[in-house]
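Student: Coordinates for the following, if possible.
(4 chains)
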Number of protein chains: 2
Amino acid sequence: MARLNYHHLYYFWRVAKQGNLTATASQLALSQSALSAQISQLEHTIGQPLFNRVGRSLVLTELGRTVLNYAEDIYQRGEELQQLLSQGTPTVPSLKIGVLSSMSRNFVDAFIKPLTQGLDVHFQLIARPQSELEQLLAHHQLDVILTNRELASGDDVGWQSQLLARQALSVIAPSRLAHLPAEVDASYQQQRWVVPGAASPLRAAFEFFCTQHQLRPEIIAEADDMAMLRLLARDSGALAVMPAVVVRDELQSGLLVKRFDLPNAFENFYAVTLTRKYQHPRLAELLQASYFGTLR
Amino acid sequence: MARLNYHHLYYFWRVAKQGNLTATASQLALSQSALSAQISQLEHTIGQPLFNRVGRSLVLTELGRTVLNYAEDIYQRGEELQQLLSQGTPTVPSLKIGVLSSMSRNFVDAFIKPLTQGLDVHFQLIARPQSELEQLLAHHQLDVILTNRELASGDDVGWQSQLLARQALSVIAPSRLAHLPAEVDASYQQQRWVVPGAASPLRAAFEFFCTQHQLRPEIIAEADDMAMLRLLARDSGALAVMPAVVVRDELQSGLLVKRFDLPNAFENFYAVTLTRKYQHPRLAELLQASYFGTLR
DNA sequence: TTATTCGTTCGCTAAAATAGAACGATAGGT
DNA sequence: ACCTATCGTTCTATTTTAGCGAACGAATAA
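Tutor: Modelled structure (predicted):
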């Protein structure tokens, strides 16, 4: 193969990211024809197509996706360099953190604490459902995602999960029910409950617990979103099931009280990153800080 | 600034790495003049010189070094892509490990053990004196260096040290002296010794120990190199001062015997990496494995 | 069906990269 | 001190590459 033409590759990068040749051409102040020709040339030197021409649109081939991954690393770094050269300041790019919508904001807050203290890094928090997060990560739109679901690790998969923390699942009571005992007895039968949504593994753990103790809870509300669950726990006057970190502030103020932990029921928090991506310089520190933080 | 020309940058990369325009030109099958012109153009678009023309040679400016760091990331990844495209296999580049010449090979062996077990990564061991290692690392010729000297950490410095292990400094005796007591007494006064070289911090620790115990050792040999020290310990019949790991095999076979550790004298082993370098995919695992290994 | 959008192909032109020769500066040898 | 080989720069002519615009075809929307 002839030597790779980095300008061809650059055009490919822009087009592949955008998924649209015409729009990219105008962004680059370039004619369609020029762009089309340059990309065909790249495909010619490689010897294989990078796009499938399906209908009147361009769809990446398998190889195209692979090449895009490399191009992403290459030109992301290149853009950084250009910014450095034009501004004179070594710009640390914004750290993009994807967060599962339903996760506890308190946990996220704890995770990003090192960033808010040292003010030298911009970061973006992007809350999305799991599937979208995975897509964004795969497309290099995110540096890391925080989620409670472990993803398959391994070199071939392309991403790796790291367990950051695990939180016991607790039974939280409003202060007027603070007298309830620290283990299940008959007094819990009369109570109304607020619990995680049916899809959640936390809910499954709670159901199992109920079966074991022959508890027949009157469930008055359920929610996937931890922020929502927190509000429900605070305002409903009912018992609630959730990791204690979710209502950290309310526990501290005495508005809510933790009665006990469910045995062997945990919510796990994972950080998922791409294995072969250029790592954001602050991310490693963040992950490590978080790791040591949980051990303390 | 006009858009960065990646071909100019590529040429810059090659020249800066080589440090010689003429040689690079012939490698690229290009005339000197062309290469010279392209690099001046790059400097022109940037607006500042990347090289100082000192005498008849090119020396990187401060800015040049910075740009080289970026270029290294960019084109190293580009080369990987080219290899992938021409060979069809996603080549994991060889992991280059710099080792301080005088370090114990047993320690290095333990560090690279994960690599020798999984056979999927090529690696190179490069033994050099400290100053050369630092240079090679700074020039991206190495992924990591293993040394017993800590280097200043910090973002501005550009590299970071990680403590991998610490080894007590021991007094090693040949089996015929196995009867010597496990603490210093008069019987140690009559002995001949083999010790680390005068430049070493280990030697300093030993000297301090001698002063404390009013020991006046008869030093028959000294050596910087741990491998050499090992041979001396084995063959001289004298007492020796070194970390026990150096003569691990001889201790196991009973050929040598450890008498005692010097109090508060340690050899530290550090892994030093560049902070802003694209990290070799296997390096993180290696460092982590080593870290957990030492805790066990 | 007709108009519109999107990508490709084909000449032609403009821009760029490159070779070669001439030059200046420097380091090394005698 | 003088020659000589080495290294990088500058200038001009030439080749190579990139890019524009128009024409085209195929797919989608109205």
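
Student: What sits closest to residue A:85 if chain neighbours are left out?
Tutor: Nearest non-adjacent residue to residue A:85, counting by CB to CB, 6 or more residues apart in numbering or on different chains: residue B:46, 5.4 Å away. Where C-beta positions appear, they are placed from N, C-alpha and C, glycine not excepted.

Student: got the contact list for that neighbour?
Tutor: By CB atoms under 8 Å, 6 or more residues apart in numbering or on different chains, the contact set of residue B:46 is A:85, B:1, B:63, B:67.

Student: Rank these by pLDDT and give me only the lowest.
Tutor: Within the set of the contacts of residue B:46, pLDDT is lowest for residue B:1 (71).

Student: wouldn't it be in contact with residue A:86 here?
Tutor: Yes. Residue B:1 lies in contact with residue A:86 (CB atoms under 8 Å); the separation is 4.5 Å.

Student: out of the two, which sits in the busier spot?
Tutor: Between residue B:1 and residue A:86, counted using other CB atoms under 10 Å in any protein chain shown, the more crowded position is residue A:86 (14 against 11).

Student: That one should be in a strand, yeah?
Tutor: No. Under DSSP: H, G, I helix; E, B strand; the rest coil, residue A:86 sits outside any strand and is assigned helix.

Student: secondary structure class for residue A:43?
Tutor: Taking three-state DSSP, the label given to residue A:43 is helix.

Student: Settle this for me: it is touching residue A:49, isn't it.
Tutor: Yes. If you go by CB under 8 Å, residue A:43 and residue A:49 touch, sitting 5.3 Å apart.

Student: quick one: contacts for the residue in chain A positioned nearest to DNA strand C?
Tutor: Residue nearest to DNA strand C within chain A: residue A:33 (2.8 Å; CB to the nearest atom of the strand). Residue A:33 sits next to no residue when contact means CB under 8 Å, 6+ apart.

Student: what residues does chain A put near DNA strand C?
Tutor: Within chain A, the positions adjacent to DNA strand C are A:20-22, A:32-33, A:36-37, A:39-40, A:51, A:53, A:56-58 by CB under 7 Å from any atom of the strand.

Student: If we use 10 Å, what do you get?
Tutor: Within chain A, the positions near DNA strand C by CB under 10 Å from any atom of the strand are A:3, A:7, A:15, A:18-26, A:31-41, A:43-44, A:49-59.

Student: ranges for the helices of the stretch 51-200 of chain A?
Tutor: Taking DSSP state H, counting those that start in this stretch to define them, one finds helices in the stretch 51-200 of chain A at A:62-87, A:105-117, A:130-138.

Student: Could I get those in a markdown table, plus columns for distance to DNA strand D?
Tutor: Shown next, in a markdown table, are those (distance: least, CB to the nearest atom of the strand, whole Å):
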| stretch | distance to DNA strand D |
| --- | --- |
| helix A:62-87 | 16 |
| helix A:105-117 | 39 |
| helix A:130-138 | 22 |
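
Student: in the sheet, who's paired with the residue positioned nearest the centre of chain A?
Tutor: In chain A, the residue lying closest to the centroid (CA atoms, centre = their mean) is residue A:145, at 2.5 Å. Here residue A:145 sits in beta bridges with residue A:98, residue A:272, going by DSSP bridges.

Student: mind listing what it touches?
Tutor: For residue A:145, the contact set (CB under 8 Å, 6+ apart) comprises A:97, A:98, A:99, A:100, A:133, A:134, A:136, A:137, A:271, A:272.

Student: shaky segments in chain A?
Tutor: Applying pLDDT under 70 to chain A flags residues A:91, A:118-121, A:152-157, A:276, A:289-296.

Student: Residue most distant from the centroid, it?
Tutor: Residue of chain A lying farthest from the centroid, by CA atoms, centre = their mean: residue A:186 (40.7 Å).

Student: quick one: it and residue A:219, what's the gap?
Tutor: 19 Å (CB to CB, to the nearest Å).

Student: for residue A:111, same thing?
Tutor: The span separating residue A:111 from residue A:219 equals 30 Å under the rule CB to CB.

Student: Neighbour count: the two, which is higher?
Tutor: Comparing residue A:111 with residue A:219 by other CB under 10 Å, the one with more neighbours is residue A:111, at 23 against 16.

Student: Angles on the backbone of the residue in the stretch 151-296 of chain A that chain B sits nearest to, please.
Tutor: Nearest residue of the stretch 151-296 of chain A to chain B, counting by CB to the nearest CB: residue A:278, 5.5 Å away. Torsion angles at residue A:278 (phi, psi; degrees, to the nearest 10) stand at phi -60, psi 120.

Student: and the closest residue to it other than its chain neighbours, what does it touch?
Tutor: Excluding the flanking residues, the one nearest residue A:278 by CB to CB, 6+ apart is residue A:73, at 5.0 Å. By CB under 8 Å, 6+ apart, the residues touching residue A:73 are A:276, A:277, A:278, B:73, B:77, B:278.

Student: before we move on, the earlier item: from the contacts of residue A:145, list the buried ones, please.
Tutor: Burial by neighbour count, 16 or more other CB atoms under 10 Å in any protein chain shown: within these this picks out A:97, A:98, A:99, A:100, A:133, A:134, A:136, A:137, A:271, A:272.

Student: could I get those as CSV with distance to residue B:209?
Tutor: Converted to CSV, the buried ones among the contacts of residue A:145 look like this (distance: CB to CB, whole Å):
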residue, distance to residue B:209
A:97, 52
A:98, 56
A:99, 55
A:100, 57
A:133, 58
A:134, 59
A:136, 59
A:137, 55
A:271, 46
A:272, 51
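
Student: and of these, the nearest to residue A:174?
Tutor: Closest approach between the buried ones among the contacts of residue A:145 and residue A:174, by CB to CB: residue A:100, at 27.1 Å.

Student: Okay, that closest one and residue A:126: tell me how far apart.
Tutor: 10 Å.
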